[in-house]
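J.: Next come a sequence and a model predicted from it.
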Amino acid sequence: MKAPLVTILDDEPAIRSMLSDALEEAGFRTMAFSRATEFEAAIRQTKPDVCLVDLSLPDRDGLTLVHRLALEQGATVIIISGRAQVQDRVTGLELGADDYIIKPFDPAEVVARIRARLRRDAPAPQTGDTARFNGWTAHFARYALEDETGVETPFSHAEGEVLRLFLERPKRLISRQAMQEALGGAAGDSFDRAMDVRISRLRTKLREDPKNPRLIKTIYGAGYIFLGDVNWG
């Protein structure tokens, strides 16, 4: 079995070298790029398990790239950036990033976060890659929701994490704290806002009435509950 592949996109040679050395020593395979165009050409040929993406790129807007990666590639996306403002972190998570690491950082922390993300991404033993519920089929292997007529709508890796959490715990209250513990990330306003955005997008893709959703119910002050009947496999 091949070691997980981590792609590194950063225009600073010292950071690319530092991350590559730390990750390879930890047993990962790596590919490093200084420009988004080279990175995008490479991932058309191979699928990374984790993408480390700097936001300050010389040839592309990093946030736009993160959003496209999260929606189309299905890889875990971790932002590495010198932008430490809360709004930057919130925006990155809202656009689909799975984690946000602020420069300067210890490469050992990056390795630990990648390992933690990959452990969370591993399918739970009792579930698989396909779940059926209320006329919908969720295909987690290809990050798509299929309706009864066969029309598919893509969802991001981050949205898929939330959807899987709901589908694995149907008709059970899931508190904000439980979501934070299951999905990772620091608790606080940025996590709460990112969850609100992801749940809102899932409701839109499930064609829910935002004023009266049938499947994903908000229990104010307590959390969320998924009311569908779910069958895996």
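T.: Perfect, I can see it now.
J.: Alpha carbons only: can I get the lowest-mean-pLDDT helix or strand in the chain in PDB?
T.: Sorted by mean pLDDT, DSSP states H and E, the helices and strands of the chain end with helix 86-94, the least confident at a mean of 79. Output of helix 86-94 as PDB, limited to C-alpha atoms (Å, rounded to 0.1, in the frame of the first residue of the first chain):
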ATOM      1  CA  VAL A  86      -9.700  35.600  12.300                       C
ATOM      2  CA  GLN A  87     -11.600  36.700   9.100                       C
ATOM      3  CA  ASP A  88      -9.000  35.100   6.900                       C
ATOM      4  CA  ARG A  89      -9.300  31.800   8.900                       C
ATOM      5  CA  VAL A  90     -13.100  32.000   8.700                       C
ATOM      6  CA  THR A  91     -13.100  32.700   5.000                       C
ATOM      7  CA  GLY A  92     -10.700  29.800   4.300                       C
ATOM      8  CA  LEU A  93     -12.900  27.400   6.200                       C
ATOM      9  CA  GLU A  94     -16.100  28.700   4.600                       C
END
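J.: Next, the buried residues of that helix.
T.: By 16 or more other CB atoms under 10 Å, the buried positions in helix 86-94 come out as D88, R89, V90, T91, G92, L93, E94. C-beta coordinates here come from the backbone N, C-alpha and C atoms, glycine included.
J.: what comes into contact with that helix?
T.: Residues from elsewhere that reach helix 86-94 (CB atoms under 8 Å, 6 or more residues apart in numbering): 55, 63, 66, 79, 81, 83, 100, 102, 158, 185, 189-191, 193-194, 197.
J.: Would you agree R117 is in contact with C51?
T.: No: between R117 and C51 there is no contact under CB atoms under 8 Å: 11.0 Å.
J.: Name the residue most distant from the centre of the protein?
T.: T149 (27.3 Å; CA atoms, centre = their mean).
J.: follow-up on the earlier one: and the next element down the chain from the least confident helix or strand of the chain?
T.: On the C-terminal side of helix 86-94, the closest following helix or strand by DSSP states H and E is strand 99-102.
J.: Listing partners with orientation, what would you give for that next one?
T.: Here strand 99-102 is paired, per DSSP bridges, with strand 76-81 (parallel).
J.: tell me how far the strand it pairs with is from the chain's mean position?
T.: 10 Å (CA atoms, centre = their mean, to the nearest Å).
J.: What segments of the chain are strands?
T.: For the chain, the strands defined by DSSP state E occupy 5-9, 29-33, 50-54, 76-81, 99-102, 130-133, 136-139, 144-146, 152-154, 216-219, 223-226, 230-232.
J.: Need those strands in CSV (columns: mean pLDDT and mean neighbour count).
T.: Formatted as CSV, these follow (pLDDT from 0 to 100; neighbours: other CB atoms under 10 Å):
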stretch, mean pLDDT, mean neighbour count
strand 5-9, 96, 24
strand 29-33, 96, 18
strand 50-54, 94, 25
strand 76-81, 90, 24
strand 99-102, 88, 20
strand 130-133, 95, 18
strand 136-139, 96, 18
strand 144-146, 95, 18
strand 152-154, 94, 14
strand 216-219, 91, 14
strand 223-226, 91, 19
strand 230-232, 93, 15
